[in-house]
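Colleague: Need a 3D model of the sequence below.
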Amino acid sequence: MLIFIFSNPISMMNIQDKFDLTGKVALITGGSKGIGRAMAVAMGQAGARVVIASRKQEALAEAAAAMQATGLSVHPVAAQVGDQKSMEALVAATVKKYEGIDILVNNAAVNPVFGPLLTTDNAAFDKIMEVNLKGPFALAKMVYPVMAARGGGSVINISSIGGLSPEAMLGIYSVSKAALISLTKVMAKEWGKEGIRANVICPGLIKTKFSEALWRDEKILKSVMRHQPLNMLAEPEDIAGLALFLAADAGAFCTGGVYTADGGYTI
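Modeller: Alright, predicted model coming up:
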């Protein structure tokens, strides 16, 4: 009779180590406020060296100073997502500062219009697509060789529940976020052999400056809460934990995933 003895590696594993980002470098666009800032803090607290990018230098400096005051390694770089030269300079500055990139979070987004398709002009359409879709596409391609040279990495794209089902009065924004979900899946399929994972997070209504017009509107907020099982308005930190999981070894087997964090709104 043959007797097989199996060891249980899970019992020997310290799960906290799976969330440790010590030695990793994270580049986060839209990192000066809201969800981007919360993710920067979470990854910094997990040990990562973080570069935060956004358009406004003043906001970046304030955010970086606040994080540095708590002992985090954070470097601010002003950049315009959607502008090729600006993104190239951002990647170069990150590599110069920290000698590599292991985590890319494409969080920056715009939505210059709130209304139906018939009142959305071509200029607004182009702007939304330039920042919300073309920007992450171009930036990820720039980061790809840096990650590949380091043996892999994690790309996290921030979409929206509007990318899963179009939101009223947010038509083209929803279209851009749906395309970002598809782009993420393509990245996962094509880049997995290099050890590069790509996942996408679809937040629901989060209490940020970006979504202020929605959650401050009592009628809209009540409508959301009627359809959302969890009776709460989420804070940016409620997205940060999921992003940390996808950035760290805890999510090492996760790629091409679409993760909702919406209080159950899309159930």
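
Colleague: how about the helices in the stretch 51-200 of the chain?
Modeller: Along the stretch 51-200 of the chain, counting by DSSP state H, counting those that start in this stretch, helices occupy 57-68, 84-98, 122-129, 135-149, 171-191.

Colleague: Which one, of the ones you listed, ends up nearest to residue 49?
Modeller: helix 84-98 (4.9 Å; CB to CB). In this view, the C-beta of every residue, glycine as well, is placed from N, C-alpha and C.

Colleague: I'd like the mean pLDDT over the closest one, please.
Modeller: Helix 84-98 carries an average pLDDT of 98.

Colleague: tell me how far the biggest strand by length in the chain is from the chain's mean position?
Modeller: Longest strand in the chain by number of residues (criterion: DSSP state E): strand 196-203. The chain centroid and the centroid of strand 196-203 are separated by 7 Å under CA atoms, centre = their mean, to the nearest Å.

Colleague: tilt between that strand and helix 171-191?
Modeller: 160 degrees (axes from the mean of the first three to the mean of the last three CA atoms, to 10 degrees).

Colleague: Check which element follows strand 196-203 along the chain.
Modeller: helix 212-215 (DSSP states H and E).

Colleague: Quick check: mean pLDDT of the longest strand of the chain?
Modeller: 98.

Colleague: Give me the sheet partners of it and which way each runs.
Modeller: Applying DSSP bridges to the sheet, strand 196-203 is found paired with strand 153-158 (parallel), strand 258-261 (parallel).

Colleague: Let's have these in TSV, adding distance to residue 194, mean neighbour count and mean pLDDT.
Modeller: Output for the strands paired with strand 196-203, formatted as TSV (distance: least, CB to CB, whole Å; neighbours: other CB atoms under 10 Å; pLDDT from 0 to 100):
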stretch	distance to residue 194	mean neighbour count	mean pLDDT
strand 153-158	9	26	98
strand 258-261	21	18	98
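
Colleague: Switch those over to a markdown table; also include distance to residue 174.
Modeller: Formatted as a markdown table, those follow (distance: least, CB to CB, whole Å):
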| stretch | distance to residue 174 |
| --- | --- |
| strand 153-158 | 14 |
| strand 258-261 | 14 |
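
Colleague: who's in contact with residue 237?
Modeller: 38, 42 (CB atoms under 8 Å, 6 or more residues apart in numbering).

Colleague: at 7 Å instead, please
Modeller: When contacts are counted by CB atoms under 7 Å, 6 or more residues apart in numbering, residue 237 is found next to residue 38.

Colleague: Could you identify the helix or strand that succeeds the worst-scoring helix or strand of the chain on mean pLDDT?
Modeller: Using mean pLDDT, DSSP states H and E, the weakest-scoring helix or strand in the chain turns out to be helix 9-12, at a mean of 60. With elements assigned by DSSP H and E, the helix or strand that comes after helix 9-12 is strand 25-29.

Colleague: Distance from the helix or strand just after that following strand to the middle of the chain?
Modeller: Sequence order places helix 34-45 as the next helix or strand after strand 25-29, per DSSP H and E. Helix 34-45 sits 10 Å away from the centroid of its parent chain (CA atoms, centre = their mean).

Colleague: which helices and strands sit right next to helix 34-45?
Modeller: strand 25-29, strand 49-54, helix 57-68, helix 237-247 (3 or more CB pairs under 7 Å, 6 or more residues apart in numbering; DSSP states H and E).

Colleague: Pick the most buried one from these.
Modeller: Greatest average neighbour count among the helices and strands packed on helix 34-45 goes to strand 25-29 (a mean of 29), per mean count of other CB atoms under 10 Å.

Colleague: For that strand, which outside residues touch it?
Modeller: With CB under 7 Å, 6+ apart as the criterion, strand 25-29 contacts 36, 39-40, 43, 48-53, 81, 94, 98, 100-108, 247.

Colleague: same thing but 8 Å
Modeller: Under the criterion CB under 8 Å, 6+ apart, residues 36, 39-40, 43, 48-54, 79, 81, 90-91, 94, 98-108, 135, 139, 143, 247 lie in contact with strand 25-29.

Colleague: Are any of those residues buried, and if so which?
Modeller: 36, 39-40, 43, 48-54, 79, 81, 90-91, 94, 98, 100-108, 135, 139, 143, 247 (16 or more other CB atoms under 10 Å).
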